[in-house]
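> what follows is a predicted protein model with its sequence.
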Amino acid sequence: MRPRHPHEPHRATSSLELFFDLVFVIAVGGAASSFHHALTGDHVQHGVVGFIVMFFSIWWAWVNFTWFATSFDCDDWLYRVLTIFQMGGVIVFSTGIPAGFDGDFRIVVAGYVIMRICMATQWFRAGLTNPEYRATAFRYGWGILAVQVLWVLRLIFIADSALGLPTFILLGLAEIAVPIFAEQKKLTPWPPHHNAITSFRSSLTYGYVHYFVFASAAAFAAGIELLVDVETGRSHLTERGATLVYFDILIPFPAVWTTCVLIAMVAILVARNKSVDA
């Protein structure tokens with residue numbers, strides 16, 4: 001498992017990575033479906049919080065895998081097996097989303113921990129085979145495992161209490177802190193010129209903002225389905241109530257965000273093409 005060269009030309013996405021993305025899209029669809037059911041049952045606040053919780057878990061596991069695949073080049077049998085196990089964790093997570101919206105996080109946590117243990121194993125492999133990045137990779141691996149222990153402890157002792165949401169936020173911040181802690185030792189390699197991207201900021205924009213677009217589309221679709229359910233008499237909300245929910249400050253925001261992101265990305269691409277032609 002060798003680190004990628006920062007100037008590696010024509011880095012292409014593998015079929016396994018594309019399949020990995022598809023599995024995560026299925027998980028996002030499951031979160032959107034449960035979000036829709038919560039809105040239909042007039043559980044607006046519960047639905048919004050549940051959707052954010054589920055989506056963050058899906059998105060963060062996906063981000064960590066893509067960052068690792070960008071930093072280290074490996075396609076041996078063990079890498080593929082671990083990646084397939086990660087996808088299995090996504091499927092387990094997806095099956096637990098409806099129960100998670102009802103407050104039962106056992107299956108969700110099990111799926112998430114499977115994903116993250118596989119990810120930690122990948123980092124340990126990278127550290128064992130690359131002395132230059134060993135400290136960074138081991139920090140990633142041990143940091144990820146430590147947070148998973150905390151997730152399990154939260155599930156056992158806290159998840160059903162009033163501290164459920166605050167502890168989720170704290171552990172979510174702990175997850176985000178792991179890369180910050182790990183990269184302090186030595187930055188992992190990544191090709192800044194990939195897809196003609198020349199800065200770290202633009203790489204984050206092109207590489208990760210589109211997943212928020214997925215979340216926006218999923219939330220927007222849930223709102224459309226809610227209005228359909230009201231019209232067909234399958235929702236507990238009145239028509240006026242459904243309209244207020246749909247235009248609630250939290251619900252239409254994803255659609256507005258999606259529109260702004262798409263307009264901005266098109267404008268950037270047009271500007272880049274003009275500069276190249278010049």
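Right, received. Where do you want to start?
> so where's the stretch 51-200 of the chain uncertain?
The stretch 51-200 of the chain contains residues with pLDDT under 70 at 191-200.
> find the helix or strand that G127 is a member of.
G127 belongs to helix 106-129 when assigned by DSSP states H and E.
> then that helix to CSV, C-alphas only?
In CSV, the C-alpha atoms belonging to helix 106-129 read as follows (Å, rounded to 0.1, in the frame of the first residue of the first chain):
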residue,chain,number,x,y,z
ARG,A,106,-28.7,-0.7,17.8
ILE,A,107,-28.6,-1.7,14.1
VAL,A,108,-27.5,1.8,13.0
VAL,A,109,-24.6,1.8,15.4
ALA,A,110,-23.7,-1.8,14.5
GLY,A,111,-23.5,-0.8,10.8
TYR,A,112,-21.6,2.4,11.5
VAL,A,113,-19.0,0.6,13.7
ILE,A,114,-18.5,-2.1,11.0
MET,A,115,-17.7,0.7,8.5
ARG,A,116,-15.4,2.5,10.8
ILE,A,117,-13.5,-0.6,12.0
CYS,A,118,-12.8,-1.5,8.4
MET,A,119,-11.6,2.1,7.8
ALA,A,120,-9.3,1.9,10.8
THR,A,121,-7.8,-1.4,9.5
GLN,A,122,-7.0,0.3,6.2
TRP,A,123,-5.2,3.1,8.0
PHE,A,124,-3.2,0.6,10.1
ARG,A,125,-2.2,-1.2,6.9
ALA,A,126,-1.0,2.0,5.4
GLY,A,127,1.0,2.8,8.6
LEU,A,128,2.7,-0.6,8.7
THR,A,129,3.8,-0.4,5.0
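> who touches the next helix or strand after that helix?
Tracing the chain past helix 106-129, the next element assigned as helix or strand by DSSP H and E is helix 134-157. Applying C-beta atoms under 8 Å, 6 or more residues apart in numbering, the set of residues contacting helix 134-157 from outside is 64, 105-106, 109, 112-113, 116-117, 119-121, 123-124, 126-128, 130, 164, 167-168, 171, 174-175, 177-179, 181-183, 185-188. The C-beta positions use only the backbone N, C-alpha and C, and glycine is treated the same way.
> state the number of residues packed around G127.
21 (other C-beta atoms under 10 Å).
> that one contacts T121, doesn't it?
No - contact between G127 and T121 fails when scored by C-beta atoms under 8 Å: they sit 10.7 Å apart.
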